[in-house]
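# what's the 3D shape of this:
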Amino acid sequence: MTTKKKKNIKVTRSKKSFNQRNVYSWLTGKPRLAALTFVLLFASVGAYLLFFSHAATEFTLVGTHPQASQQSSALGKSLLTLQAWNGHLYAGYGDMYANIPSVAITPFDPATNTFSSSPLINSGTSALYLYRPIGSNLFAPAMDREGATDYAKGALDSGNENWRDYTPLDVSHAYDLRTLNGTDLYVVGSQGRDAVVWRSADNGATWAESLRMPTTTSYYGFYFAGVYNNRLYVQVYDSFNGAQTKSKVFDGSAWSDGPSIISLGGYGFHSEVFNGQMIFQGRLPSEASDLMAFNGTKTTKIFNGTIYNYTIDGAYLYALSSTGVVYRTTDLANWQTVASAPSTSRSIAILNNTIFVGTTDSTLYKQDISGVGVGNIADTTAPQANLLYPTADSTVSGNVNIVATATDDRALTKIEIFVDGKLLGSSTTSPITKRWSTRKVSNGSHSITIKAYDAAGNVGQSSASVVKN
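Got it, this is the predicted structure:
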């Protein structure tokens, strides 16, 4: 990631006394306006960090993964996925570059806050970053095959879990495993240099190659498979040249070309359907990436910032942002702040009204969100909207920079500026500065209104009158 250098801004104060008109002149100068905006932004960020420094203490350390913690590399120690299944949590870890012989599937019991004393299976892969619940089974694709494992499967039998490795395909990397109708299975990934999809029409009893995208000059891979509107979507990511321009779409009988899904960057990982769209993240949870949505035609970025991981629980999608803050949404547009997790968090799951996060040092933390904080309590508090400049009853002329701020106890979603009831401009962050040309209005009194909105739909506002002369 390229870091931009900050420009030094030199502000020279006027020697004149700060009467009302001089204040106006000082604020409307471009360098001075930038300095003022920086100060306001710094204050907002400070309050933000202060709030979340307190929220972070609500997470409690509940365990350390016994096998992940023994890995030699930082990547190997990281818990990069968490999956709730059969009343337990399943963590994924490993290092695709270290060629470790196996990854231990060791469930965590939230009732006792302990990991199992021994693994259910040591699966023959050096990396396990994704689980897929399908029917009564839990699948774990071998993302970096070691030995003869293509995927592991846990099957429920009278409440007991029976795990074993399966080896029908000879994959190099199995990045995802999906189903269209509940009885067919698709393993997507790579074999040698080629990107490949394998299909089973009988729940894994027999397999056949369904799609191969070959190359002799690079390395191709299908890094995720999306299921959307009864179709399977995959797209080649070329290790040397990035994403190809079209996806491949399977309707249950034949493959065809489709629109690009990963057009906004990354290779795609971990897709789910939520709120009528296919959601996915740009990269593996070891890297911060965008959270995106595909509507069958195009892909859009749906989160203002980057994330490490996301999970869906009922009507909510929860996102673990790269800053450690956990957000949730019901509509992919309005986001509500839920909690602040440890800065080393990389994976997230929800189980029994509790947030669990896995970290880069193999530890597991939890925070209860039932009946406390924002968990199940309705948000009825409106945001605070403040007009900073111009001040009430002041006299203005020419071009005026209207400066306003807003705060909310949970999640501010938008701030707007109205002049005489007409929208001048809006922003999703505070502070906001918009230029108003008073030359277009008559002399006399004019009203400026600031409106602020939060994720629950509450609206706060403040108004002031100024005189154009």
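# For stretch 69-79, give the distance from the opening residue to the closing one.
9 Å (C-alpha to C-alpha, to the nearest Å).
# just how off-centre is it within its chain?
Distance, stretch centre to chain centre, for stretch 69-79: 23 Å (C-alpha atoms, centre = their mean, to the nearest Å).
# So for that stretch, what gets flagged as buried?
By neighbour count, and taking 16 or more other C-beta atoms under 10 Å as the criterion, the buried residues in stretch 69-79 are 71, 75-79. To be clear about C-beta, it is placed using only N, CA and C from the backbone, and glycine gets the same treatment.
# I'd say residue 223 and residue 261 touch.
No. Under the criterion of C-beta atoms under 8 Å, residue 223 is not in contact with residue 261, lying 10.9 Å apart.
# Quickly list what's touching both of the two.
Listed as contacting both residue 223 and residue 261 by C-beta atoms under 8 Å, 6 or more residues apart in numbering are residue 268.
# Quick test: name the residue nearest the centre of the protein.
In the chain, the centroid-proximal residue (C-alpha atoms, centre = their mean) is residue 307; its distance is 3.7 Å.
# and that one, bridged to which residues?
residue 289, residue 321 (DSSP bridges).
# So it is in contact with residue 323, correct?
No. Contact between residue 307 and residue 323 fails when scored by C-beta under 8 Å: they sit 9.6 Å apart.
# Can you verify residue 75 is assigned to a strand?
No. Counting by DSSP: H, G, I helix; E, B strand; the rest coil, residue 75 is located in no strand; its state is helix.
# start at 56 instead
OK, 56 is where the count begins now, so the last one is residue 130.
# And it, what's its pLDDT?
Note for residue 130: predicted pLDDT of 96.
# Pull the contacting residues for it.
Taking C-beta under 8 Å, 6+ apart as the contact definition, residue 130 lies against 149-153, 341.
# what do you get for residue 468?
Contact criterion C-beta under 8 Å, 6+ apart gives 389-390, 483, 508-510 as the residues in contact with residue 468.
# Same question for residue 236.
For residue 236, the contacting residues are residue 307, taking C-beta under 8 Å, 6+ apart as the criterion.
# same thing with the one 5 residues further on?
By C-beta under 8 Å, 6+ apart, the contact set of residue 241 is 232-235, 252-255, 265, 280, 287, 305.
# Likewise for residue 284?
Remark: with contacts taken as C-beta under 8 Å, 6+ apart, residue 284 is in contact with residue 351.
# And the helices in this protein?
For the chain, the helices identified by DSSP state H occupy 75-83, 85-110, 129-132, in order along the chain.
# related to what we said a few turns ago, want to try a markdown table for the buried residues of stretch 124-134, with distance to residue 301 as columns?
Listed next are these as a markdown table, based on distance: C-beta to C-beta, whole Å:
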| residue | distance to residue 301 |
| --- | --- |
| 126 | 38 |
| 130 | 32 |
| 131 | 35 |
| 132 | 38 |
| 133 | 33 |
| 134 | 35 |
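# Tell me the one of the contacts of residue 241 nearest residue 178?
Proximity of the contacts of residue 241 to residue 178 (C-beta to C-beta) peaks at residue 232, which lies at 13.0 Å.
# what's the burial count for the closest one?
The tally of other residues near residue 232 (other C-beta atoms under 10 Å) stands at 24.
# Check whether it really touches residue 196, as I assumed.
Yes. Under the criterion of C-beta under 8 Å, residue 232 lies in contact with residue 196, with a separation of 4.7 Å.
# what sits in contact with each of those two?
187, 206, 242.
# Out of those residues, which comes closest to residue 416?
For residue 416, the nearest member of the shared contacts of residue 232 and residue 196 is residue 187. The distance, counting by C-beta to C-beta, is 26.2 Å.
# check contacts around that closest one.
Residues in contact with residue 187 (C-beta under 8 Å, 6+ apart) are 193-196, 231-233.
# what's across from it in the sheet?
With DSSP bridges as the criterion, residue 187 is bridged to residue 194.
# any idea how far it lies from residue 179?
Relative to residue 179, residue 187 is positioned 18 Å away (criterion: C-beta to C-beta, to the nearest Å).
# And for residue 307?
Relative to residue 179, residue 307 is positioned 31 Å away (C-beta to C-beta).
# So which of the two has more stuff around it?
residue 179 (20 against 11).
# wouldn't that one be in contact with residue 221 here?
No. Residue 179 is beyond contact range of residue 221, at 10.2 Å (criterion: C-beta under 8 Å).
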